[in-house]
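Asker: Model the structure of this input:
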Amino acid sequence: MAFTRYDPEATPTARIGLGLAAVGRPGYLTLGRTRDLPADRTVEALRERTHHLLDAAYAQGVRYLDAARSYGRAEEFLADWLANRAEAAKDLVVGSKWGYTYTADWRTEADTHETKDHGAATLDRQLGESTALLGRRLDLYQVHSVTPGSPALGDPAVLARLARLVEDGVTVGLSTSGPDQAEAIRAALDVTVGGRPLYSTVQATFNLLEPSAGPALAEAHAAGRTVLVKEALANGRLAGEAAPPELRRLAQDSGTTPDAVALAAVLAQPWAGLVLSGAATVGQLTENVTAATLSLDPARLASLARLVEPPTTYWRTRSALPWN
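Answerer: The predicted model follows:
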């Protein structure tokens with residue numbers, strides 16, 4: 001399998017994917033989780049929630065599903081669902097990520113929820129774990145949260161292992177995080193193995209508050225990479241009552257919700273291939289999906305540029321969000 005199976009025009013909403021970070025583990029740093037998730041966040045409760053979301057996503061035309069080794073049991077929940085939805089699975093594209101290890105042991109309160117390591121040993125271990133669950137369903141395997149200086153940008157052992165994955169038919173990509181995303185993206189575009197670019201996709205944080213990676217993502221698109229956007233709602237800061245007043249007013253005037261406007265603003269970028277919803281409820285997902293067909297006044301959208309924060313401010317605020 002490979003990510004090349006992904007067709008952004010398969011359905012009217014195929015440019016929206018579903019990320020499982022919010023439902024694969026009991027604790028995460030998105031606002032509103034106390035309201036959105038069951039009070040008793042057992043494995044079975046979140047498995048059921050994940051399956052309901054996946055059913056709704058498929059019914060609404062979503063065709064890309066995104067998980068990670070650090071998303072608790074997200075890969076397990078997804079594998080269970082795919083095994084029981086044979087017809088749906090035929091036209092779905094599945095991505096996962098390696099590089100972070102989940103360490104919270106199914107607790108919402110933990111000193112450390114995940115640890116990062118981009119070394120070859122971690123890749124070997126986590127690739128084995130991912131393929132044990134997803135097997136040939138793994139179309140895209142990404143390095144999780146690459147920053148400048150990551151071994152994924154230059155360690156020969158890591159690059160050789162990833163190149164073997166490509167030879168086996170799996171698309172290899174990377175995600176980025178932090179105030180230096182643009183630097184990491186540009187470095188990734190220069191990574192080659194055997195004279196060929198290694199990374200076919202780039203997944204980055206881009207939203208109304210933090211658009212600094214935009215020029216680098218445009219370069220990635222121009223270089224033939226598929227761009228995936230994560231955290232388009234800034235971990236809940238651009239949704240519901242938490243959204244800035246300007247965004248809420250535009251949403252009200254447009255007869256929609258702040259999250260739909262925020263997602264539509266990202267989908268409007270000419271380089272954006274896929275934009276991920278991180279919905280924790282079917283209602284949120286339904287609101288998110290409307291962004292794919294939402295038409296907004298470009299001048300009104302442009303007025304939201306006043307919401308932009310300095311990258312260091314944005315990432316400092318994000319790191320201070322509570323895992324709840």
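Asker: what helix or strand does the closest residue to P26 other than its chain neighbours sit in?
Answerer: Closest residue to P26 apart from its sequence neighbours, by C-beta to C-beta, 6 or more residues apart in numbering: R41 at 3.8 Å. Backbone N, C-alpha and C define where each C-beta goes, glycine included. Secondary structure assigned from DSSP states H and E places R41 in neither a helix nor a strand.
Asker: show me where the stretch 51-200 of the chain has strands.
Answerer: 64-66, 93-98, 100-102, 114-116, 140-146, 171-176, 192-193, 196-197 (DSSP state E, counting those that start in this stretch).
Asker: so how far is the first residue of stretch 305-323 from its last?
Answerer: 29 Å (C-alpha to C-alpha, to the nearest Å).
Asker: what ranges do the helices span in the stretch 51-200 of the chain?
Answerer: 74-83, 86-89, 120-134, 156-167, 181-189 (DSSP state H, counting those that start in this stretch).
Asker: what is the mean pLDDT for the longest one?
Answerer: Think helix 120-134. What helix 120-134 shows for mean pLDDT is 98.
Asker: which other helices and strands contact it?
Answerer: The contact analysis (3 or more C-beta pairs under 8 Å, 6 or more residues apart in numbering; DSSP states H and E) places helix 120-134 against helix 74-83, strand 93-98, helix 156-167.
Asker: quick one, which of the ones you listed is nearest to A320?
Answerer: For the helices and strands packed on helix 120-134, proximity to A320 was assessed by C-beta to C-beta; strand 93-98 is nearest, at 23.4 Å.
Asker: That closest one packs against which elements?
Answerer: Going by 3+ C-beta pairs under 8 Å, 6+ apart, strand 93-98 lies up against strand 64-66, helix 74-83, helix 120-134, strand 140-146.
Asker: Could you rerun that using 10 Å?
Answerer: If contacts are counted by 3 or more C-beta pairs under 10 Å, 6 or more residues apart in numbering; DSSP states H and E, strand 93-98 sits against strand 16-19, strand 64-66, helix 74-83, helix 120-134, strand 140-146, strand 171-176, strand 201-205, strand 274-277.
Asker: related to what we said a few turns ago, which one of the helices and strands packed on helix 120-134 is the most hemmed in?
Answerer: strand 93-98 (a mean of 25; mean count of other C-beta atoms under 10 Å).
Asker: partners of it in the sheet?
Answerer: strand 64-66 (parallel), strand 140-146 (parallel) (DSSP bridges).
Asker: any low-confidence regions in this protein?
Answerer: Scanning the chain for pLDDT under 70 picks out 1.
Asker: Can you tell me the centre-most residue of it?
Answerer: The chain has K230 as the residue nearest its centroid, 4.0 Å off, counting by C-alpha atoms, centre = their mean.
Asker: can you tell which of the helices and strands packed on helix 120-134 is closest to T4?
Answerer: Short answer: strand 93-98, nearest of the helices and strands packed on helix 120-134 by C-beta to C-beta, at 9.1 Å.
Asker: and the angle for that closest one with helix 156-167?
Answerer: Put simply, strand 93-98 runs at 170 degrees to helix 156-167, going by axes from the mean of the first three to the mean of the last three C-alpha atoms, to 10 degrees.
Asker: Only alpha carbons, please: show strand 93-98 as PDB.
Answerer: C-alpha atoms of strand 93-98 as PDB (Å, rounded to 0.1, in the frame of the first residue of the first chain):
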ATOM      1  CA  VAL A  93      -6.000   5.500   3.300                       C
ATOM      2  CA  VAL A  94      -4.200   5.000   6.600                       C
ATOM      3  CA  GLY A  95      -1.300   6.900   8.100                       C
ATOM      4  CA  SER A  96       0.600   6.600  11.400                       C
ATOM      5  CA  LYS A  97       3.700   8.000  13.000                       C
ATOM      6  CA  TRP A  98       6.700   6.900  14.900                       C
END
